[in-house]
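**Student:** Mind looking at a prediction? Sequence and model below.
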Amino acid sequence: MTPQTPQDPPPRRPFGSLLTAMVTPFTAEGQLDLDSAAELAALLVDNGNDGLVVCGTAGEASTLEDREKENLVRVIKETVGNRAIVVAGTGTNDTARSIEMATRAARAGADGQLVVTPYYNKPTQTGVFNHFTSIAAATELPVMLYDIPGRAGIAISTDTMKRLADNPQIVALKDAKADFSATTVVMADTDLAVYAGDDALALPWLTAGAAGLISVSAHAAPRPFRQLVDAVQDRNLFRARQLHFELAPLVRAVMDHVPAAAAAKHILQRQGTLSSATVRPPLAEPTCRESEDLAAELSGTGWALS
């Protein structure tokens, strides 16, 4: 008999395995377009997403009103129902306001919440710990921590992450720190489900045992990203590497030239998925030169812009 190769157990996936960090569609006049948001959510789920992040960074959360966020979560959850987990971005740099946003998200039907490190204030790690635990205690929504020091100005330290992992309401981490060593410790020493939060690093994180991927680039290519996640889970590293290289130009186009929300909306409009690429100030739509740069990245790929 041929000895069987031991199979690693699948990682725990409290929020699914492929989540698109959704852009928020606006009309040409800058008004919230709930119909387009519902259509986009349905399209993403139809093409392999088992989770969606709403009102995150790519969703321009900082320029959405509280009422708009609540309505957006409600409409998207009503649209996808039980076919996908809806994670609402609730974190701000104000603990009290974050608790209010968590309450609104729960009322709107969210399945979980994404809570970013408090930005700009630069609190101590004690302040960071208290911030997350206060928000977690405010509702029954499970929490995904969001570690992104490039935007927040501070990181969640490994020791703080370990302490937070003891909280039963805090179940996952979206890692956008690009510190493989630090997050490896978190993966090894805690039960947090780690999600890759940097599109370019999806493959190494998934092969290391990440629960899944939260991607902005997946707007334009949900099926290939679904195939990438599945290939790693199926231990087909050759296929996963192929997909990684195929998707690399798209990832560069979305992430490297203009803010990801603006790039993703521009590409979706050029694809015919969105009728408007409008972003709210201070973001701006790509200039002619920036649009040419995006097109050059995608030239010769399956996502070439017409």
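**Tutor:** Structure's in. What do you need? Numbers count the residues shown, from 1 in each chain.

**Student:** check contacts around Asp191.
**Tutor:** Going by CB atoms under 8 Å, 6 or more residues apart in numbering, Asp191 touches Arg12, Ala165, Val171. In this view, the C-beta of every residue, glycine as well, is placed from N, C-alpha and C.

**Student:** Am I right that it is in a helix?
**Tutor:** No - under DSSP: H, G, I helix; E, B strand; the rest coil, Asp191 falls outside any helix and is assigned coil.

**Student:** Against Ser98, how distant is it?
**Tutor:** Separation of Asp191 from Ser98 (CB to CB, to the nearest Å) stands at 24 Å.

**Student:** thinking again about what came up before, could I have the ChimeraX command that selects the buried members from the contacts of Asp191?
**Tutor:** Command for ChimeraX that selects the buried part of the contacts of Asp191, burial taken from 16 or more other CB atoms under 10 Å:
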select :165,171
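
**Student:** from the contacts of Asp191, which ones fall inside strands?
**Tutor:** Per DSSP state E, strands hold the following members of these: Val171.

**Student:** In JSON lines, list the contacts of Asp191 along with pLDDT and distance to Thr124.
**Tutor:** Below are the contacts of Asp191 laid out as JSON lines (pLDDT from 0 to 100; distance: CB to CB, whole Å):
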{"residue": "Arg12", "pLDDT": "83", "distance to Thr124": "30"}
{"residue": "Ala165", "pLDDT": "97", "distance to Thr124": "19"}
{"residue": "Val171", "pLDDT": "97", "distance to Thr124": "24"}
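
**Student:** ok, of the contacts of Asp191, which one's closest to Ala260?
**Tutor:** Ranked by distance to Ala260 (CB to CB), those are led by Val171 at 25.2 Å.

**Student:** State the mean pLDDT of stretch 24-37.
**Tutor:** Here stretch 24-37 scores 97 as its mean pLDDT.

**Student:** swap that for stretch 207-219, sorry
**Tutor:** 96.

**Student:** buried sites along that stretch?
**Tutor:** Buried residues in stretch 207-219 (16+ other CB under 10 Å): Ala208, Gly209, Ala210, Ala211, Gly212, Leu213, Ile214, Ser215, Val216, Ser217, Ala218, His219.

**Student:** I am finished for the moment; much appreciated.
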